[in-house]
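1. sharing a model prediction with you, sequence too.
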Amino acid sequence: MSLGKTIGEKLSELQKSYSLNQEEMGSIINVSRQTMAKYLKGEQIPDGEKLWKLSQHFNKPLNYFLSLPEESTRFSFLYRAELVPEGPPMEFPYLEKRFNNYFELIQLSSLSIKEYMPEYYDLEFKSKDLSKEDKKTIEKIALKQRNHMGIGDAINIDIYTVLENNHINLIAEPLEDSEIDAVSAYARGKGAFIFVNDRDDITEERKIFSTIHELGHLIMHRKHYTSGFKSPNSSDKRKRDIREKAADYFASCFLVPPHVLKENFSYELKGFISLSTIINLKEEFGISAQAFITSINKFGLITQPTMGALLKQLNKQGYAKTEPNPKAKIRKNHKLHSLTRTLLLEENISLNKALEFLGKTVSDPREKIKEWYADYE
């Protein structure tokens, strides 16, 4: 986070604590309301004398304005507590460590944008199921994000590269716990991160859907994330369930844009729909057969009985946990590897630091580094 933003947040805290308006805040250091507004937004930095006057007025040390408390810069997570009622999974401390590693890597890099948070929509749901209005809103958000990320109507895309190009930081590594598909987290001054469980026994299609599901949480449910490893903000299971449904619907709309489906493939979804048709279409969009079937049901293109029949056929043919015509393994961690390689070859980091940054993103980090040096020579 920039110095201006840090000071602005501290001034905002004081303004709220003492119930002062901008004009009253400005009068303390003899500046106009307009100038104080710029200080509060972080657009302009008050000079040292003004900061000293503020510290004296509010009885705060000067350093108070220059640093955020440790808790405010910790990563906040959202997880399904009904699956782990005793607390977050044991992998979470490791995930926080890896996110902090990645942030350190970004800070050392020459990237012009070192922190980024996607646009946030504070959605509230009134029932345990998504209403038609809820679905319309989520679809609009998903399509807006697609356009913002520059993919328009494209389908079956490399979503990992797309997210990285749009400053969402991704780490893909295998975890021991196969029940964790993906985890999202964010921290003030550090940005947004998604961790993908890159186990070989999890299909690539499932990883893709889980990744965009987590993007949906970051965009729609950020206020429900919890700093560190405390219990989730809400103890209301219904609210957590509806958030999962909302994130699922976001992922469906993002990966299978309803207007693209209806404009280009509606003829294949009329009348009798065979499982082979579903398999062909799921390959077109690059998601799992199960996710495609449930998505077209959510969009109102097939009925509930038809969805049930198709899912039953899928399971009967042995695809309850596997995938028909599965995607080949997708290469991930492009950004993390590229930044690490550049810093190492330019001798800005040590070999041990490079190994720390790579973590388990490759099966043999030392061999990967040997390849980099061989290519460089």
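-> Received it, and whenever you're ready, just let me know what you need. Here the structure is a predicted model, which is why all the values come from computation and not from measurement.
2. count the neighbours of Q107 for me.
-> 11 (other C-beta atoms under 10 Å). For glycine as for every other residue, the C-beta is placed from the backbone atoms N, C-alpha and C.
3. surely it touches I113?
-> No: counting by C-beta atoms under 8 Å, Q107 sits too far from I113 to count as a contact (11.9 Å).
4. so how far is Y120 from L51?
-> The gap separating L51 from Y120 is 30 Å, by C-beta to C-beta, to the nearest Å.
5. please apply the same query to L261.
-> Using C-beta to C-beta, one gets 27 Å for the distance from L261 to Y120.
6. which of those two has more neighbours?
-> More crowded of L261 and Y120, by other C-beta under 10 Å: L261, with 21 against 13.
7. doesn't I302 make contact with that one?
-> No: counting by C-beta under 8 Å, L261 stays clear of I302, with 11.5 Å between them.
8. joint contacts of those two?
-> 269, 296 (C-beta atoms under 8 Å, 6 or more residues apart in numbering).
9. quick one, strands of the stretch 151-300 of the chain?
-> For the stretch 151-300 of the chain, strands defined by DSSP state E, counting those that start in this stretch occupy the ranges 169-173, 182-187, 191-197, 226-227.
10. ok, residues contacting stretch 39-58?
-> 2-9, 11-12, 14-15, 18, 22, 25, 28-29, 31, 35, 38, 60-62, 64-65.
11. buried set for that stretch?
-> 39-40, 42, 45-46, 50-51, 54, 58 (16 or more other C-beta atoms under 10 Å).
12. same thing with stretch 265-282?
-> Neighbour-count burial for stretch 265-282 flags 265, 269, 273, 275, 278-279, 281-282 (criterion: 16+ other C-beta under 10 Å).
13. okay if I get these as a markdown table plus pLDDT?
-> Shown next, in a markdown table, are the buried residues of stretch 265-282 (pLDDT from 0 to 100):
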| residue | pLDDT |
| --- | --- |
| F265 | 92 |
| L269 | 88 |
| I273 | 91 |
| L275 | 94 |
| I278 | 95 |
| I279 | 95 |
| L281 | 95 |
| K282 | 96 |
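14. tell me the one of these nearest A328?
-> Nearest to A328 out of the buried residues of stretch 265-282 is K282 (C-beta to C-beta; 15.0 Å).
15. quick check: the gap between that closest one and R243.
-> From K282 to R243 the distance is 25 Å (C-beta to C-beta).
16. averaged pLDDT, stretch 318-328. What do you get?
-> The average pLDDT within stretch 318-328 is 92.
17. would you mark the buried spots in it?
-> For stretch 318-328, by 16+ other C-beta under 10 Å, it's 319, 323-324, 327.
18. now the end-to-end length of that stretch.
-> Terminal residues of stretch 318-328 lie 19 Å apart, using C-alpha to C-alpha, to the nearest Å.
19. pull the distance from it to the chain's centre.
-> Between the centre of stretch 318-328 and the centre of its chain there are 26 Å (C-alpha atoms, centre = their mean, to the nearest Å).
20. what lies in contact with that stretch?
-> Contact with stretch 318-328 is made by 203-206, 279, 283, 286, 288-290, 314, 317, as judged by C-beta under 8 Å, 6+ apart.
21. write the PyMOL selection for whichever of those residues are buried.
-> For the buried members of the contacts of stretch 318-328, the matching PyMOL selection, counting by 16+ other C-beta under 10 Å, is:
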select buried, resi 203+204+205+206+279+283+286+288+289+290+314
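22. format the contacts of stretch 318-328 as JSON lines; extra columns: distance to G308.
-> JSON lines is the format used below for those (distance: C-beta to C-beta, whole Å):
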{"residue": "T203", "distance to G308": "22"}
{"residue": "E204", "distance to G308": "26"}
{"residue": "E205", "distance to G308": "21"}
{"residue": "R206", "distance to G308": "21"}
{"residue": "I279", "distance to G308": "18"}
{"residue": "E283", "distance to G308": "22"}
{"residue": "G286", "distance to G308": "24"}
{"residue": "S288", "distance to G308": "17"}
{"residue": "A289", "distance to G308": "14"}
{"residue": "Q290", "distance to G308": "12"}
{"residue": "L314", "distance to G308": "11"}
{"residue": "Q317", "distance to G308": "15"}
